[in-house]
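# Have a look at this prediction, sequence included:
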Amino acid sequence: MHRHFFSLIVPLIIAIMAWAATCCSAPAGATELPLSTKARPPAENANPFWADMEYLEWSVSGDKLPPLVTTGAPPRATAGVLGSPGTAILFGNSSVNDGFRPGGQITAGYWFNPGHTAGVEVNFFGLADATTNFATSSAGSPVLARPFIDANTGLQSASLIGFPGTFSGAVNVSDRSRLLGAGASYRQDLGTWSGEHISALVGYRFLYASDRLDISSTTIVVGAGGAVPLGTIFAPSDSFAAINYFHGLDFGLVGQSRHGSWSFDWHAGIALGATINDAQINGSTALTVGGVTTIFPGGLLALPSNIGDYAQVRFSAVPNFSLKGGYEFAPSWHLIADYDLLYWTGVQRAGAMIDTTINPNLLLVPGGAPGGGPQRPQFQFNTTSLLAQGFSAGIKHEF
């Protein structure tokens, strides 16, 4: 689907820019052309510098998580196991951090001539971190568990945190997402069409997106522990961090029209370049027996089989579109409002890094003994697309 989309939009933008350039190279008196290359008259306020500051309210595609925490009912063998009678998902199996979040954007530019036909502009935007937290505990009832698939049998299973008369404990999950970007472009006026000034942009685009998912739980043996002493504390923790950097060439077209104190702008473009995907997986377990705590490598979903740092570089495309309205309420001062859309391919998310199939023989569990079997969980890149869109409002000033 993504390849089909870009196979259409990339040639379309290139064709539009080529058409505009052809029109601009025609004689100025060619009245049969819809795009006039006659230079725009000098701006009423021909200040070379301009800048605007905007408040953003954007939504971003959420980090999709597998089922991470469940509850259920006895017997112990099926308590908290997905698909078993009485089992319900308490957290996960959904997207998080996909709501609107605030942010800010600063854009500044410099015109090389009084007619404002050529110039440069730079911009930076950043959104506030979006965080989703979940925490719950159990004194044994209700059942509390972390589900997984047993790599040895292919069947659903669960690691118990709370179970009547046997275990008590707690679980905490936190997922934090971040998005920011910057760019610099050269802007050249192409001409006018139906009273609207058309300009071309070419420049550099940078984007940064990250997710960090942390899962920790504590299980205390409170009864019927067998060979495990009462009071033994088993505390595994998993951490998944996905970091993405985009560097690319940014191409676009801008249209401007003005009617008295009102102005209307649109921008359509695409950035083509490389996304660096960086994935970091860490896990450990703190085992406390008789008041002595020992730290072991590997948690539950992050084990020695997938712990590590991984990186890849892949081609990405970032189509972007915006509509902006403005009102000049005083000389050189404008109120502005925007709608913006950005679509980024080849992004790694933290939730997509999780392999929910694990080999229980690799776990450090009360009464368990590490052994052989499949080396699961394993890591593999599983990229997706990120969509960011929303509204902004701010003020623009020409210096």
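That came through, no problem.
# any idea how far G299 lies from S237?
5 Å (C-beta to C-beta, to the nearest Å). Every C-beta, even on glycine, is put in place using the N, C-alpha and C of the backbone.
# I meant to write P142 there.
23 Å.
# Give the residues shared as contacts by G299 and S237.
Shared contacts of G299 and S237 (C-beta atoms under 8 Å, 6 or more residues apart in numbering): 215-216, 283-285.
# Which of those residues has the largest number of neighbours?
Ranked by neighbour count (other C-beta atoms under 10 Å), these have I215 at the top, with 27 neighbours.
# neighbours around the nearest residue to S59 once chain neighbours are set aside, how many?
Among residues not flanking S59 along the chain, F100 sits closest, at 4.8 Å (C-beta to C-beta, 6 or more residues apart in numbering). Neighbour count for F100, taken as other C-beta under 10 Å: 15.
# F391 versus F100, what's the distance?
Distance from F100 to F391, by C-beta to C-beta: 9 Å.
# Common neighbours of those two, please.
Common neighbours of F100 and F391 (C-beta under 8 Å, 6+ apart) are 57-58.
# Which positions in stretch 150-157 come out as buried?
150-152, 156-157 (16 or more other C-beta atoms under 10 Å).
# Need the distance between the two termini of that stretch.
6 Å (C-alpha to C-alpha, to the nearest Å).
# which SS state does S157 fall under?
strand (DSSP: H, G, I helix; E, B strand; the rest coil).
# May I have the beta-bridge partners of the residue nearest to the spatial centre of the chain?
Centroid check for the chain by C-alpha atoms, centre = their mean gives A209 as the closest residue, at 4.9 Å. A209 has these beta-bridge partners by DSSP bridges: L179, N244.
# That one against S385, yeah?
No: the criterion here is C-beta atoms under 8 Å, and A209 misses it with S385 at 11.1 Å.
# what is in contact with these two at once?
Taking C-beta under 8 Å, 6+ apart as the contact rule, A209 and S385 both touch 344, 347.
# which among the buried residues of stretch 150-157 gets closest to F381?
Distance to F381, by C-beta to C-beta, is smallest for A151 among those, at 20.3 Å.
# how near is the closest one to D98?
Counting by C-beta to C-beta, the gap from A151 to D98 is 31 Å.
# confidence score at the residue nearest to the centre of the chain?
We have a pLDDT of 98 for A209.
# Report the contact partners of it.
177-179, 243-244, 344, 347, 386.
# Please report how far it lies from G104.
Taking C-beta to C-beta, one finds A209 at 17 Å from G104.
# could you dump the buried residues of stretch 150-157 to a markdown table with distance to L230 and pLDDT?
Output for the buried residues of stretch 150-157, formatted as a markdown table (distance: C-beta to C-beta, whole Å; pLDDT from 0 to 100):
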| residue | distance to L230 | pLDDT |
| --- | --- | --- |
| D150 | 27 | 96 |
| A151 | 31 | 96 |
| N152 | 29 | 94 |
| Q156 | 29 | 97 |
| S157 | 25 | 97 |
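# nearest to L65, of those?
For those, the nearest to L65 is Q156 (17.0 Å; C-beta to C-beta).
# Quick check: that closest one touching A79?
No: using C-beta under 8 Å, Q156 is not in contact with A79; the gap is 11.8 Å.
# any weak-confidence spans in the stretch 151-300 of the chain?
Applying pLDDT under 70 to the stretch 151-300 of the chain flags the ranges 224-226.
# Beta-bridge partners for S263, please?
R258, G326.
# ok, it - how many residues close by?
Neighbours of S263 using other C-beta under 10 Å come to 17.
# contacting residues around it?
Neighbours of S263 in contact, by C-beta under 8 Å, 6+ apart: 256-257, 325-328, 334.
# quick one: A350 and D214 touch, right?
No: if you go by C-beta under 8 Å, A350 and D214 don't touch, sitting 9.4 Å apart.
# so how far is V171 from P74?
When P74 is compared with V171 (using C-beta to C-beta), they lie 19 Å apart.
# Compare those two and say which one has the larger neighbour count.
The neighbour comparison of P74 against V171 (other C-beta under 10 Å) goes to V171, with 23 against 13.
# what's the spacing between the more buried one and T232?
Distance from V171 to T232, by C-beta to C-beta: 18 Å.
# Sketch out the strands for the stretch 1-150 of the chain, chain order is fine.
Along the stretch 1-150 of the chain, counting by DSSP state E, counting those that start in this stretch, strands occupy 35-36, 49-60, 63-65, 69-71, 88-91, 94-96, 100-111, 118-127, 130-138, 144-150.
# Who are the packing partners of the third one?
The elements that strand 63-65 packs onto, with contact taken as 3 or more C-beta pairs under 8 Å, 6 or more residues apart in numbering; DSSP states H and E, are strand 94-96, strand 167-193, strand 196-221.
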